[in-house]
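Undergrad: compute the structure for the input listed below.
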Amino acid sequence: MQSRWISVAALLALAVTFPAGSAHGQPVDALQPAPARPALVFNPNTPDRCEWFFITESNINYAPMNAPNSRFMLDDSFGLMKQVGERTAVGASIDLILAGDVHYAPTVRYKRWHGRQSLDLMLGYVPGELAGPTGPILTARYSPAPRYHMQIGACRYNEDATGLYYPPGSYFPAYLVEERKPLRVFAGIGFGGIPGISMWGAQAVVLMVVAATFAGWN
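TA: Numbers count the residues shown, from 1 in each chain. Just a heads-up that it's a prediction; the model follows:
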């Protein structure tokens, strides 16, 4: 009787030490399918965690070469990106830019993942001749985390240089308006995903307060 109990204990020990295997000699757990990654997510994420993700960004940029009243550029972006490999994503967005006037820029994007970090290149085009950015606008970006980034870029900046001069034979001054489109370099930070949406909300609150203030003055 004692030898029988010893044999049962030995079999139990072997069963615990060596998990059940399949007909091919592989553990049963190895045959379980890996969890499927979501097809579309709201926040930016790596290729192993999603196939598509939304672009919901808010950025603030500083252009040190600009005139004092136009050194800041605010831009918000909405779009979509697709993972096209283990480390690459491509997509497009519409960017709204507040600088001088309100502008929009259709933009194409390229992202290269390095773990949770990424490098981005973006090329947009600002149509029209309003004051502020005009024509092609190029931006390079480094993201230490999927929802936060630092960037640098360049674009032509449409500005009018005005001054007084005296026409020949006249004692009265006249205004001289000179259109210039110098190249501006800018740098800034921004947020994507839920933080980007939060920045949109903060901007909306500020705009409502400013509008209410001007309405009170009138």
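
Undergrad: okay, strands next: where are they in the protein?
TA: Listed in chain order, the strands of the chain (DSSP state E) span residues 40-41, 52-62, 72-83, 88-99, 101-114, 117-126, 132-145, 148-165, 174-180, 183-191.

Undergrad: please identify the deepest-packed of these.
TA: Of those, the one with the most neighbours on average (mean count of other CB atoms under 10 Å) is strand 52-62, at a mean of 21. C-beta coordinates here come from the backbone N, C-alpha and C atoms, glycine included.

Undergrad: for the protein, what helix or strand is lowest in average pLDDT?
TA: helix 2-17 (a mean of 52; mean pLDDT, DSSP states H and E).

Undergrad: which residues of this protein score low on pLDDT?
TA: Within the chain, the ranges that satisfy pLDDT under 70 run 1-35, 65-69, 160-179, 217-218.

Undergrad: mind listing what's buried in the helix ranked longest in the chain?
TA: Secondary structure assigned by DSSP state H gives helix 193-217 as the longest helix of the chain. Using 16 or more other CB atoms under 10 Å as the test for burial, helix 193-217 gives 193, 196, 197, 199.

Undergrad: distance check, the second one against residue 117.
TA: The span separating residue 196 from residue 117 equals 18 Å under the rule CB to CB, to the nearest Å.

Undergrad: re earlier: got the strands of the chain as JSON lines, with distance to residue 206 columns?
TA: Converted to JSON lines, the strands of the chain look like this (distance: least, CB to CB, whole Å):
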{"stretch": "strand 40-41", "distance to residue 206": "29"}
{"stretch": "strand 52-62", "distance to residue 206": "12"}
{"stretch": "strand 72-83", "distance to residue 206": "10"}
{"stretch": "strand 88-99", "distance to residue 206": "11"}
{"stretch": "strand 101-114", "distance to residue 206": "15"}
{"stretch": "strand 117-126", "distance to residue 206": "23"}
{"stretch": "strand 132-145", "distance to residue 206": "19"}
{"stretch": "strand 148-165", "distance to residue 206": "21"}
{"stretch": "strand 174-180", "distance to residue 206": "30"}
{"stretch": "strand 183-191", "distance to residue 206": "16"}
